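Q: sharing a sequence plus its predicted fold:
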Amino acid sequence: TGDAAKTFDKGTSVDANNPLNFIGLAESALFLKNTAKAQEYIAKAKALLPSKQNKIKMPKDEQATAYVKIAEAYVMSLSNDTAVIFSSLRQAEKLNPKDINIYLVEGDAYFYLLNDGSNAIKNYNQAFKIDPKSPAAQLRIGRLWVRSKNYADGLTAYKLVVQLDATYAPAYKELGFLNAQLGNANDAKQNFQKFLELSSGNTDAQMQYINTLFELKDFAEVAKQAQNALTTNTNNVDLYRALAYANYETGKYTEAKEALETFLKKASDESIRPSDYAYLGRSYAKLKQDTIAGNFLMKAYSLDSVRVEYLSEAAVSFTNAKAYPKAIEAYKKKLATPFKTIQDYYYLGTAYYSTQQFAQADSTFTTLIEKVPTYIGGYLWKARSLSMTDPDSKTGAALAAYQTLLEKTQAEADKNKVERKEAYSYMNYYYFV
């Protein structure tokens with residue numbers, strides 16, 4: 001939007017009598033939600049058009065184009081001022097009723113601003129009637145069908161666009177999106193490749209293709225396309241993100257880490273997502289650098305507390321690194337969420353045990369037993385935790401717990417013979433001592 005505004009601003013200097021430059025500035029202002037500034041530019045544009053007060057000579061078709069562009073500025077920026085939109089279009093219609101853009105923009109207004117499919121298609125059909133060779137009209141009809149989940153008619157409409165004009169790039173983009181949605185992966189890729197071919201050098205087109213490849217889970221092709229795009233455009237930081245995610249998904253963890261670190265150096269703070277830190281953490285985890293992995297996953301969670309799986313992954317990484325205090329912190333945070341699991345209690349208890357916080361371990365395993373009375377592991381680890389508070393077995397701190405373990409495993413003694421052997425060993429030693 002900023003670049004567009006600069007272009008139109010320069011245009012007003014070069015050609016001060018061209019109303020389209022002021023309309024372009026108005027559209028940029030509308031995208032920035034500066035309605036007052038937009039109205040100021042529209043007024044300047046209209047002052048350059050013929051009227052009862054302005055005895056300016058200008059062909060009617062050029063006048064009509066200006067009014068269509070005014071309406072289009074409001075539609076494209078999703079500024080819901082239908083009074084301006086429809087009055088501008090009616091003025092254009094008086095000047096040049098055969099201009100199909102009048103009906104395309106009016107259809108777009110009904111489609112995008114008023115959610116009125118009936119009037120939208122009525123206008124698109126009128127445009128198509130005026131110019132049966134117009135790919136733009138048929139493309140919009142296809143979009144309308146797709147939006148209403150009538151995918152078969154949408155596909156038919158898009159294919160008709162290609163028949164009308166085999167070089168019309170937007171048709172291949174829409175076909176790519178629709179085929180991806182329908183699970184036609186090969187067709188989707190072929191459509192996007194054609195779209196890229198017809199949109200040579202268009203970075204947005206490359207990113208749209210890459211995003212669709214992600215949806216299709218074709219990560220190898222994502223990496224290939226991102227790498228190719230980076231050879232000519234190293235300033236697009238999103239390409240580094242795409243390359244990193246794709247490398248991770250294809251098992252190239254060192255490359256994923258390097259691409260993400262490059263991305264984080266180049267990206268602005270507001271463009272960084274929690275998932276960027278999560279993928280970096282996961283890459284470090286795969287490279288067995290678990291403490292660093294856990295730290296990045298915790299950072300990801302701090303930025304998106306809905307994604308509790310980041311806590312689980314961080315806790316696992318910290319446990320693998322034997323950084324138990326950090327693992328305990330992660331599990332405690334997880335247990336404070338509505339998404340806690342039974343396994344979280346178990347792993348928190350074992351982390352407490354590993355740091356010799358045996359009272360906390362006992363308390364955690366007691367809670368686990370209350371929640372799942374049939375889980376033998378809870379009784380075993382409760383007994384172990386209590387036994388460690390009495391390492392010489394003088395007080396019998398774990399005696400009752402091991403007796404309970406024997407009771408709970410009696411029905412399936414053979415299955416739990418290892419646990420029962422441990423219980424008897426403790427009891428024998430206690431009574432012997």
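A: Right, received. Where do you want to start?
Q: using the three-state scheme, assign T395.
A: coil (DSSP: H, G, I helix; E, B strand; the rest coil).
Q: and it, how many residues sit next to it?
A: Applying other CB atoms under 10 Å, we find 11 residues neighbouring T395. Bear in mind the C-beta positions are built from the backbone N, C-alpha and C, glycine included.
Q: if I look at it, how far off is A359?
A: Going from T395 to A359 by CB to CB, to the nearest Å gives 14 Å.
Q: do N186 as well
A: Taking CB to CB as the measure, N186 falls 61 Å from A359.
Q: so which of those two has more stuff around it?
A: Per other CB under 10 Å, whichever of N186 and A359 has more neighbours is A359, with 12 against 9.
Q: which strand or helix spans that one?
A: Taking DSSP states H and E as the criterion, A359 maps to helix 358-371.
Q: tell me how many other residues crowd the residue lying closest to K286 once chain neighbours are set aside.
A: Leaving aside its chain neighbours, K286 sits nearest to Y253 (4.1 Å; criterion: CB to CB, 6 or more residues apart in numbering). Per other CB under 10 Å, the neighbour tally for Y253 reads 17.
Q: quick one, phi/psi of Y253?
A: The phi and psi values for Y253, taken as degrees, to the nearest 10, are phi -70, psi -40.
Q: was I right to think it contacts A244?
A: No. Using CB atoms under 8 Å, Y253 makes no contact with A244, being 10.2 Å away.
Q: need the overlap of contacts for these two.
A: Each of S283 lies in contact with both Y253 and A244 under the rule CB atoms under 8 Å, 6 or more residues apart in numbering.
Q: related to what we said a few turns ago, what does the helix or strand that the helix holding A359 is followed by contact?
A: For helix 358-371, the following helix or strand on the C-terminal side (DSSP H and E) is helix 376-388. Helix 376-388 is contacted by residues 346, 349-350, 352-353, 356, 358-359, 361-362, 365-366, 368-369, 372, 393, 397-398, 401-402, 404-405, 408-409, 416, 419, 422-423, 426 when judged by CB under 8 Å, 6+ apart.
Q: just the buried ones from those residues?
A: Among the contacts of helix 376-388, those scoring as buried are 346, 349-350, 352-353, 358, 361-362, 365-366, 368-369, 393, 397-398, 401-402, 405, 408-409, 416, 419, 422-423, 426 (criterion: 16 or more other CB atoms under 10 Å).
Q: which other helices and strands contact the helix holding A359?
A: Applying 3 or more CB pairs under 8 Å, 6 or more residues apart in numbering; DSSP states H and E, we find helix 358-371 packed against helix 342-354, helix 376-388.
Q: show me where the stretch 51-200 of the chain has helices.
A: Remark: helices assigned in the stretch 51-200 of the chain by DSSP state H, counting those that start in this stretch are 60-76, 82-95, 100-108, 117-130, 135-147, 151-164, 169-181, 185-198.
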